[in-house]
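**Q** sequence-free structure coming up:
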């Protein structure tokens, strides 16, 4: 992102104000800020849902949301985006739609190799025995893991997550973070939006602090502590 300004209508005030941001392949990064600071808007620009009113944004060398990158960017929204009446396996298989969409719409069935990959992804996140359970039958933590499995099936190179751990207790959050670290070790670039400073300090190697649409700080490694992040926001 280079000098990115963004607003939701020509007459509304800007939500993002001159954001400069470079994310390298393999980064594990948090975007931190209070409610209304512009965190989710930043993700919407990266996803191509919102075009900058000024400046330039690129993802994987192309315009956000373009056909070239759409299938390569995974997204876990705050509400996870699961279909509650589908099984864990079928929800995970939704990650393959960019590859088999035509076949799926015609036959209602996925190729065996996609089903095998979806089962393997559920196994990786510890849900091999819950593959046939409907999403509504799963606990909150299990649903989080299905959402992660879906991005694995998608074979996403970049994963964007928006406050998707906010409803879990501390123990379950640590389980999910461990899974995300494993996904990151596989080479997936990860950007997580959160208002939780402790979570941000435990999660990644890098944190970007946003306040009232402006980037306040961009810190790495030893500087990413809950105390230092809180000081930046006061």
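**A** Cool, got the structure. No experiment lies behind these values; they were computed from the predicted model shown.
**Q** Spatially, what comes nearest to residue 181 if we skip its sequence neighbours?
**A** residue 28 (7.4 Å; CB to CB, 6 or more residues apart in numbering). (C-beta placed from N, C-alpha, C; glycine too.)
**Q** Backbone dihedrals for that neighbour, please?
**A** The phi/psi pair for residue 28 (degrees, to the nearest 10) reads phi -120, psi 110.
**Q** Residue 78 too?
**A** phi -60, psi -40.
**Q** contacting residues for the residue nearest to residue 181?
**A** 180-181, 184, 189-190, 203-206 (CB atoms under 8 Å, 6 or more residues apart in numbering).
**Q** Is it possible to mark the buried ones in the residues you listed?
**A** Listed as buried from the contacts of residue 28 are 180, 184, 189-190, 203-204, 206; burial here means 16 or more other CB atoms under 10 Å.
**Q** So residue 75 belongs to a strand, correct?
**A** Yes - read with DSSP: H, G, I helix; E, B strand; the rest coil, residue 75 is one of the residues of a strand.
**Q** so how far is residue 185 from the residue nearest to residue 181?
**A** Going from residue 28 to residue 185 by CB to CB, to the nearest Å gives 9 Å.
**Q** among the buried ones among the contacts of residue 28, which are in strands?
**A** Taking DSSP state E as the definition of strands, the buried ones among the contacts of residue 28 contribute 189-190, 206.
**Q** can I get those in TSV with distance to residue 12?
**A** Shown next, in TSV, are those (distance: CB to CB, whole Å):
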residue	distance to residue 12
189	31
190	30
206	30
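**Q** quick check, nearest of the residues you listed to residue 82?
**A** Of all those, residue 190 has the smallest distance to residue 82: 19.6 Å, by CB to CB.
**Q** how much space is there between the closest one and residue 170?
**A** 20 Å.
**Q** for residue 227, same thing?
**A** For residue 227 relative to residue 170 (CB to CB), the value is 18 Å.
**Q** Can you check the pLDDT for residue 176?
**A** We have a pLDDT of 80 for residue 176.
**Q** Reduced to three states, what does it come out as?
**A** helix.
**Q** Show the average pLDDT along the helix or strand hosting residue 231.
**A** Using DSSP states H and E, residue 231 sits in helix 226-233. Helix 226-233 comes out with an average pLDDT of 76.
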